[in-house]
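[1] The sequence and its predicted three-dimensional model are supplied below.
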Amino acid sequence: MATLFLFFFSIFFSSMSPSLSSSSPLLIDSVDEFMNYTAISDMRVLNRRILADCLDLNPYLFINTSTEGPLYNETFVTVTVGGVLVPDKADWIAMITPANAKISDCPLNSLLYVQTGDISSLPLLCHYPVKAQYVSSDPSYLNCSKRKCEVYENNDCLVHSCSASVTFHVVNFRTDVEFVFFAGGFAAPCILKRSDPISFANPKQPLYGHLSSIDSTATSMRLTWVSGDENKQVVQYAQGRSSTSQVSTFTQDDMCSGILPSPAKDFGWHEPGFVHTAIMSGLLPKQTYSYRYGSDSAGWSDQIKFKTPPATGSDELKFLAYGDMGKAPLDPSKEHYIQPGSISVVEAMTNEVASGNVDSIFHIGDISYATGFLVEWDFFLSFIAPLASHVAYMTAIGNHERDYEGSGSVYITPDSGGECGVVYETYFPMPAMGKDKPWYSIEQATVHFTVISTEHEWKVNSEQYNWINEDLASIDRRRTPWSIFLGHRPMYSSSESSILPNVDAGFVKSIEPLLMKNKVDLVFFGHVHNYERTCAVYQKTCKGLPTKINGIDTYNNSNYTAPVHAVIGMGGFTLDKFSHDAAEWSLVRISEFGYVRVHATSDKITVEFVNSNTTEVRDRFQIIKGGDKQYSIPK
């Protein structure tokens, strides 16, 4: 009788819908309907589904993790599912935080997900499945090579089950973690089994310290870090000095929203902890020091070496620049937003920073691409720590940090997911003009940097326009002979956008004359995800072409003609293609991941575009001029 029961029991499971020993809710919308909009993976359609419990009649099913105890600040957790009677390629595991997040349902209104800013794609996961992997990523799963006999009779196995393991990268985002086993794929998911929650060993741990300059003297540096501790902490530096932190945070009420709640205000919200900032003063320019930050009660960071940038008027500057980087998972997971080139970019730049040949870094917009999924910021800050903890990490705001309808942005796209600049300005305090006025200038060695916001009003006589005009006019070319202008959205691009134009003619009309009037030498923009270099261009007309000197394209600004523009948005996001017909002003077009390496002396700027996968220099140009010789604007 037992044999007969077990026979029908196993036949029943084998004949069920293709989820493991379970049935899924009915499909609400077909996957095919949305595949044309899923730029990253079919997992993005998950948030259009109801996530109900599976009809689970399998008594053997289990899920466990490689650790049941407290988690380290950064670790890898292996999740094993077992007792599976019918493995299926649609089975998957999600990492959820906090563990008590409601995952039994997801919003069904697609308009909610447009607000992530990825207009052409639905977001990846509803609420807090922040990562997910198909169980079949373990090659032993579908062929059941990890087999266990569940029921014997007369030494014969009547029922056997299968198991598999996948590994997740986890960083300390202060809330506990749960792993959930799903059937039905991303098209019709249902919940099979949930792990026990796992907590972090120290949710208050001070983490993700990153540096920025506060002025042009290079005698002070700002350190910003994140902790679960709301009490003030300190940074200890330079062999005995210390500075107490100022503490800030933000809440759901600080996020933007509309008639429909934004992701940042709703299913994307995650408590950010507390952001600490402290000023390390009394430093010397272009010197190496060490620091650690934290407190006895919350814990301490490791001892970290850092270098101050050169001060205004010194002879030499070496910096790296790029835009649109974001991050990618350090495991096989699917995530909300994935920037596939970001890992190679960070790895290549980490080697450069470690060599000691980098004074500072400029990241010009589209920083983390969290777009309202707040836990993504913790992953990003951890991701850039090998860079930003050692040299000044200067930033400009982009559309994915700021834009949202009704927020006062120039553009009403929902690209920030409801963050509206609040999160960006909290994590990356720059020497800006004020709250929600994220434009600033700073000088390092021979270069005056003018950093603007293309997302805030730039029309003639606006506050930012007047500031740009005054800042550029104030440059002392005897002290800083080079003027470099940085922002997010470009004035020139040969790539066509399928949604909004890459180049705003109104922005060009307002701001380009200021560049020409004040003899800006070099302009860096991002937003378009490739590399492109122009001639010395003004009003779409080449005013000057480079000549070859020792095989290098050289622009001679001893007799100034116009700014040279370079689009450098190839920091990680999926690359954009170029149109077939390029205008005469476009000299070099490369669609590869990488960054630019810049070396500025008193009479020459050398710019190299570095392919991050090969570290090969794919484009090199220089701008030269002689001493204090003045140059005139062409008629």
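    Arrived safely. Numbers count the residues shown, from 1 in each chain.
[2] contacts, neighbours, all on C-alpha from now
    Noted.
[3] For the stretch 201-350 of the chain, which segments count as strands?
    Counting by DSSP state E, counting those that start in this stretch, one finds strands in the stretch 201-350 of the chain at the ranges 207-213, 221-227, 234-237, 241-244, 246-248, 274-280, 288-295, 299-300, 304-307, 317-322.
[4] As JSON lines, those with distance to Asp56, mean pLDDT and mean neighbour count would be great.
    Formatted as JSON lines, the strands of the stretch 201-350 of the chain follow (distance: least, C-alpha to C-alpha, whole Å; pLDDT from 0 to 100; neighbours: other C-alpha atoms under 10 Å):
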{"stretch": "strand 207-213", "distance to Asp56": "41", "mean pLDDT": "98", "mean neighbour count": "26"}
{"stretch": "strand 221-227", "distance to Asp56": "41", "mean pLDDT": "98", "mean neighbour count": "25"}
{"stretch": "strand 234-237", "distance to Asp56": "52", "mean pLDDT": "98", "mean neighbour count": "21"}
{"stretch": "strand 241-244", "distance to Asp56": "55", "mean pLDDT": "98", "mean neighbour count": "16"}
{"stretch": "strand 246-248", "distance to Asp56": "46", "mean pLDDT": "98", "mean neighbour count": "17"}
{"stretch": "strand 274-280", "distance to Asp56": "42", "mean pLDDT": "98", "mean neighbour count": "24"}
{"stretch": "strand 288-295", "distance to Asp56": "47", "mean pLDDT": "98", "mean neighbour count": "20"}
{"stretch": "strand 299-300", "distance to Asp56": "44", "mean pLDDT": "98", "mean neighbour count": "17"}
{"stretch": "strand 304-307", "distance to Asp56": "51", "mean pLDDT": "98", "mean neighbour count": "19"}
{"stretch": "strand 317-322", "distance to Asp56": "50", "mean pLDDT": "98", "mean neighbour count": "24"}
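[5] Can you add distance to Pro139 and give these back as TSV?
    Listed next are the strands of the stretch 201-350 of the chain as TSV, based on distance: least, C-alpha to C-alpha, whole Å:
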stretch	distance to Pro139
strand 207-213	35
strand 221-227	38
strand 234-237	47
strand 241-244	51
strand 246-248	46
strand 274-280	41
strand 288-295	43
strand 299-300	41
strand 304-307	40
strand 317-322	38
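[6] Asp553 is nearest to which of those?
    Among these, strand 317-322 comes nearest to Asp553, with 19.4 Å by C-alpha to C-alpha.
[7] C-terminal to the helix or strand bottoming out on mean pLDDT in the chain, which secondary structure element comes first?
    For the chain, using mean pLDDT, DSSP states H and E, the weakest element among its helices and strands is helix 31-35, scoring a mean of 32. Next along the chain after helix 31-35, taking DSSP states H and E as the criterion, comes strand 52-53.
[8] can you count the residues close to the residue nearest to His400 when sequence neighbours are not counted?
    Closest residue to His400 in three dimensions, ignoring its sequence neighbours and counting by C-alpha to C-alpha, 6 or more residues apart in numbering: Ser416, at 4.3 Å. Neighbour count for Ser416, taken as other C-alpha atoms under 10 Å: 32.
[9] do the same with Ile511
    Neighbours of Ile511 (other C-alpha under 10 Å): 17.
[10] quick check, it in a helix?
    Yes. Under DSSP: H, G, I helix; E, B strand; the rest coil, Ile511 sits within a helix.
[11] On the pLDDT front, check it for me.
    With respect to pLDDT, Ile511 scores 98.
[12] Over to the one 5 residues further on?
    Per-residue pLDDT puts Met516 at 98.
[13] Can you point out the helix or strand that includes it?
    helix 505-517.
[14] Okay, now the sheet partners of the helix or strand just after that helix, with direction.
    The helix or strand immediately downstream of helix 505-517 is strand 522-525, counting by DSSP H and E. Each strand paired with strand 522-525, and its direction, by DSSP bridges: strand 482-486 (parallel), strand 564-568 (parallel).
[15] where's the first one relative to the chain centroid, distance-wise?
    Spelled out, it's strand 482-486. With C-alpha atoms, centre = their mean, to the nearest Å as the basis, strand 482-486 stands 24 Å off its chain's centre.
[16] Put the alpha carbons of it into CSV.
    Extracted as CSV, the C-alpha positions of strand 482-486 are listed here (Å, rounded to 0.1, in the frame of the first residue of the first chain):
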residue,chain,number,x,y,z
TRP,A,482,43.3,76.1,-18.1
SER,A,483,39.5,76.3,-17.9
ILE,A,484,37.6,73.0,-17.9
PHE,A,485,33.8,73.0,-17.9
LEU,A,486,31.9,69.9,-16.7
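[17] Can you tell me which of the strands of the stretch 201-350 of the chain is nearest to Glu463?
    strand 207-213 (23.6 Å).
[18] Which elements pack onto the closest one?
    Contacts defined by 3 or more C-alpha pairs under 8 Å, 6 or more residues apart in numbering; DSSP states H and E place strand 207-213 against strand 221-227, helix 375-388, strand 392-396.
[19] Restrict that strand to CA atoms and write it as PDB.
    What follows is strand 207-213, C-alpha atoms only, in PDB (Å, rounded to 0.1, in the frame of the first residue of the first chain):
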ATOM      1  CA  LEU A 207      31.200  52.200   6.300                       C
ATOM      2  CA  TYR A 208      31.700  53.500   2.800                       C
ATOM      3  CA  GLY A 209      33.900  56.500   3.600                       C
ATOM      4  CA  HIS A 210      34.600  58.700   0.500                       C
ATOM      5  CA  LEU A 211      36.500  62.000   0.100                       C
ATOM      6  CA  SER A 212      35.900  65.300  -1.600                       C
ATOM      7  CA  SER A 213      37.600  68.700  -1.700                       C
END
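[20] Ok, which of the strands of the stretch 201-350 of the chain comes nearest Thr541?
    The nearest among those, by C-alpha to C-alpha, is strand 317-322 at 25.4 Å.
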